[in-house]
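Novice: Sharing a model that was predicted from the sequence below.
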Amino acid sequence: MHASRSSCARPSAPRLRVGDRGRPPCRRRCPPPAAAAVPARGGPAAAPAGNSQQSALLALTQWALAGGAKYVPGLRPAQLPGGGRGIVTTFPITPGAALVSVPPALALSSAAPPPPGTPAAVWGAAPWQARLAALLLAERAAGASSRLAPFVAALPGAGDVGLPATWPEEELPQLQVPAAVRAAGEQRREWEAWHARLGPHLPPACASRDDFFWAMSCVRSRSFEAPPLPLPLSRIAAAAAAAQAAVAAAAVGGGAGAAAGAEALVLAAAGGAAAWAASAARGGGGGGGGGGADGSGGGTRVMCPLIDIFNHSAATDSCCELDTWSGELRVYAREAVAAGAEVFLNYGVTSNDQLLLLYGFVDESAADDKYPLEGPAQKAAEWRRQQEGQQEGEQEGADGGERLAVPQVSLGRRGLPASEGRALAALAGNAPPAAAAAAGDGWVQYTSLPSGARALLAAAVRRESQLLGSSLGDDEALLSAWEKLPDARASAEAQRARAAEAEARAAAAEAALGRARAAAGAEAELSAVISAPEAAAAEAAEAERGAHAAGAGVAVADAAMDAGAQSSGGGELEALALAAASARAAAASEAGRLAAAESEAAALAAAVAGLRPVAVRYRAAKKRVLAEALSQLEA
């Protein structure tokens with residue numbers, strides 16, 4: 001780096017990739033899942049809806065900017081049209097742009113002191129996620145007096161952080177995959193154990209199990225690992241100060257040439273200190289490193305406002321990074337983003353098992369998803385016995401040895417781990433495949449496995465597919481029903497309005513007909529009353545026809561007018577009757593359409609009653625992995 005003679009330029013700040021939300025280095029929910037939202041099922045304060053959510057995001061942004069956060073122009077958090085929230089841009093973004101930077105003072109860190117009254121022994125034994133959850137609940141209990149009040153207010157509510165650990169026990173089997181059901185149950189029990197230990201020391205207003213599970217869900221799905229920086233930063237600052245002093249001394253004592261030489265040396269020293277900081281932050285060098293007390297690999301976990309709103313996409317390489325000069329967390333764009341588009345981060349997690357358990361969503365397009373197939377040899381033997389009509393328990397001795405030899409394999413879309421391929425080949429009595437030997441600890445394609453290993457694995461996959469309880473087609477039908485249900489309900493509601501309008505028109509037409517008929521009846525009665533004396537006059541006139549010819553002519557004309565009037569009244573009644581009948585038929589037709597729409601919505605609702613859509617998406621994604629593996633094994 002070139003530096004002027006009159007000053008010492010600071011070395012470029014090292015940028016470290018930050019650990020991802022709840023795991024190793026950074027990457028993420030397309031939760032949209034959206035991430036398909038799961039209906040709220042109670043718990044602490046539900047997430048604000050509609051305008052309230054947008055208001056909370058606006059308040060969060062204003063608070064963060066006032067606290068030193070920076071946003072690239074045009075970037076903003078927003079409610080997404082399909083549900084959930086994310087970061088969108090109103091201007092084009094170029095690769096390399098710094099999108100967001102947030103100072104450490106705005107973050108909630110697991111390295112913070114425990115809430116008052118928490119025993120040191122309990123706090124010291126708690127894992128980082130339980131400590132961060134307790135700190136979050138303490139901020140929540142503080143309400144408006146919390147330094148992080150706008151951040152806490154903008155966090156999703158209990159119904160929007162649906163990690164499997166928060167599901168009712170009876171819903172976990174919807175995952176179907178044994179390893180996932182077991183992992184979710186273990187996660188729930190772990191959370192319950194830590195609630196039992198920390199709960200008595202939490203603020204009473206936020207000490208319930210539901211409160212703690214909400215906080216654990218937020219922490220698990222929205223935290224990052226940040227390397228520890230105070231000591232390295234102090235050394236970098238000291239190096240920079242030494243550089244300035246050395247340059248000044250050299251300029252006084254040895255002239256410009258000596259100053260230039262000293263400047264170069266101290267720049268190198270400062271750069272070395274920065275490199276040391278980077279090394280120490282990664283967990284190596286610096287005399288420290290290694291695992292930290294919080295079990296997070298030497299760093300601390302932080303919940304960072306604004307950055308935690310970015311959704312996940314495997315298609316981007318953008319991630320959260322740490323600026324070691326300032327300690328700021330920053331997001332840099334790795335590729336261009338068009339105006340009007342959502343901006344994503346890559347959480348660095350490729351398996352739907354982790355995405356579901358730690359973030360509560362599934363990426364159905366994940367290219368590196370895997371299926372944890374337990375007991376492949378046992379399942380292959382079960383399939384063979386089933387095909388050959390053998391009884392359960394036959395050849396059990398051989399199966400037991402095979403189960404111990406290969407307890408589980410990870411079926412991926414690009415193959416399986418080479419070490420597992422070698423083990424399967426040995427089980428099947430084959431020599432290890434050359435491709436697996438060459439791959440070392442990498443992956444081997446299914447087509448490269450020996451025939452015996454391929455046959456064993458294919459049989460195990462078929463048996464596993466049987467045991468899952470539903471087919472991929474069944475799951476896709478359920479997901480289709482879930483996706484159609486909102487439109488079906490909206491259609492039924494719209495049809496209900498149309499039917500009500502048609503019924504109102506029919507009732508109005510029938511009322512008009514009734515009034516016309518009543519009027520016609522009254523007119524007929526009046527005519528009858530008036531016509532009696534006229535008939536007597538007519539008889540008298542008939543007797544004196546010759547003398548009163550003119551009067552008789554007038555009477556005939558009046559009779560003709562009465563007949564015409566009665567004829568005109570009858571036509572009007574007939575028209576009204578036709579209109580009323582037509583309106584009634586239209587109302588009946590709309591009522592029939594309403595019944596059909598309500599029936600369709602009810603059928604869809606019944607099909608998905610009690611359904612966890614994300615569980616069905618998860619198991620469907622896993623079945624696609626199985627189907628792809630079987631297709632390649634049988635090729």
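Specialist: Yep, it's here. Numbers count the residues shown, from 1 in each chain.

Novice: How many neighbouring residues does Ser491 have?
Specialist: 17 (other CB atoms under 10 Å). Heads up, the C-betas are built off the backbone N, CA and C, glycines and all.

Novice: correct me, but it touches Ala597?
Specialist: Yes. Counting by CB atoms under 8 Å, Ser491 touches Ala597, with 5.4 Å between them.

Novice: Which residue ranges of the stretch 501-635 of the chain form strands?
Specialist: For the stretch 501-635 of the chain, applying DSSP state E, counting those that start in this stretch gives no strands.

Novice: wait, Pro203 sits on Leu136?
Specialist: No. Pro203 sits out of contact with Leu136 when judged by CB under 8 Å, with a separation of 11.3 Å.

Novice: More neighbours: those two, which one.
Specialist: Higher neighbour count among Pro203 and Leu136: Leu136, with 26 against 17, using other CB under 10 Å.

Novice: what's the host helix or strand of that one packed up against?
Specialist: Following DSSP states H and E, one finds Leu136 within helix 128-142. Identification of packing neighbours for helix 128-142 by 3 or more CB pairs under 8 Å, 6 or more residues apart in numbering; DSSP states H and E yields strand 108-109, helix 149-154, helix 178-198, helix 209-222, strand 300-303.

Novice: So for the second one, mean pLDDT?
Specialist: So the one you mean is helix 149-154. Mean pLDDT, helix 149-154: 94.

Novice: That helix packs against which elements?
Specialist: Using 3+ CB pairs under 8 Å, 6+ apart, helix 149-154 is in contact with helix 51-66, helix 128-142.

Novice: Need the winner for burial among those helices.
Specialist: Most buried of these by mean neighbour count (mean count of other CB atoms under 10 Å) is helix 128-142; its value is a mean of 24.

Novice: Okay, angle between that one and helix 209-222 too, please.
Specialist: Per axes from the mean of the first three to the mean of the last three CA atoms, to 10 degrees, the angle that helix 128-142 makes with helix 209-222 is 120 degrees.

Novice: contacts for helix 128-142?
Specialist: 22, 108-110, 112, 114-115, 118, 123, 126, 146-149, 152, 194, 197-198, 201-203, 205-207, 211-212, 215-216, 218-220, 223, 294-296, 300-301, 303 (CB atoms under 8 Å, 6 or more residues apart in numbering).

Novice: And Gln176, its phi and psi?
Specialist: phi 70, psi -40 (degrees, to the nearest 10).

Novice: ok, it - how many residues close by?
Specialist: Gln176: 20 neighbours (other CB under 10 Å).

Novice: go on, Glu225?
Specialist: Going by other CB under 10 Å, the residues that sit close to Glu225 add up to 27.

Novice: rewinding a little: please pick the buried ones from the contacts of helix 128-142.
Specialist: Buried residues within these, counting neighbours by 16 or more other CB atoms under 10 Å: 22, 108-110, 112, 114-115, 118, 123, 126, 148-149, 152, 194, 197-198, 201-203, 206-207, 211-212, 215-216, 218-220, 223, 294, 296, 300-301, 303.

Novice: show me where pLDDT drops low in the stretch 101-250 of the chain?
Specialist: Per-residue confidence for the stretch 101-250 of the chain (pLDDT under 70) gives these ranges: 227-250.

Novice: would you list the helices and strands packed on helix 128-142 in TSV and tack on distance to Arg413?
Specialist: Output for the helices and strands packed on helix 128-142, formatted as TSV (distance: least, CB to CB, whole Å):
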stretch	distance to Arg413
strand 108-109	37
helix 149-154	37
helix 178-198	17
helix 209-222	25
strand 300-303	31
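
Novice: if we compare the ones you listed, which one ends up closest to Asn311?
Specialist: Closest to Asn311 of those, according to CB to CB: helix 209-222, at 11.4 Å.

Novice: after the closest one, next one along is what?
Specialist: Criterion used, DSSP H and E; the element after helix 209-222 is strand 223-226.

Novice: helices or strands up against that next one?
Specialist: For strand 223-226, the packing partners by 3+ CB pairs under 8 Å, 6+ apart come out as strand 300-303.

Novice: strands paired with the strand it packs on, and their directions?
Specialist: strand 108-109 (antiparallel), strand 223-226 (antiparallel) (DSSP bridges).

Novice: circling back to that earlier point, right, so of the helices and strands packed on helix 149-154, which gets closest to Glu634?
Specialist: Closest to Glu634 of the helices and strands packed on helix 149-154, according to CB to CB: helix 128-142, at 43.0 Å.

Novice: For that closest one, C-alpha coordinates in CSV please.
Specialist: Listed next in CSV are the C-alpha coordinates belonging to helix 128-142 (Å, rounded to 0.1, in the frame of the first residue of the first chain):
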residue,chain,number,x,y,z
TRP,A,128,-24.3,-20.2,24.4
GLN,A,129,-27.9,-20.4,23.0
ALA,A,130,-29.4,-20.7,26.5
ARG,A,131,-27.4,-17.7,27.7
LEU,A,132,-28.4,-15.6,24.7
ALA,A,133,-32.0,-16.6,25.2
ALA,A,134,-31.9,-15.5,28.8
LEU,A,135,-30.4,-12.2,27.8
LEU,A,136,-33.0,-11.7,25.2
LEU,A,137,-35.8,-12.4,27.7
ALA,A,138,-34.3,-9.9,30.1
GLU,A,139,-34.4,-7.2,27.4
ARG,A,140,-37.9,-8.2,26.6
ALA,A,141,-39.0,-7.9,30.2
ALA,A,142,-37.4,-4.4,30.4
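
Novice: That one to helix 178-198, inter-axis angle?
Specialist: Going by the same axes, to 10 degrees, helix 128-142 makes 50 degrees with helix 178-198.
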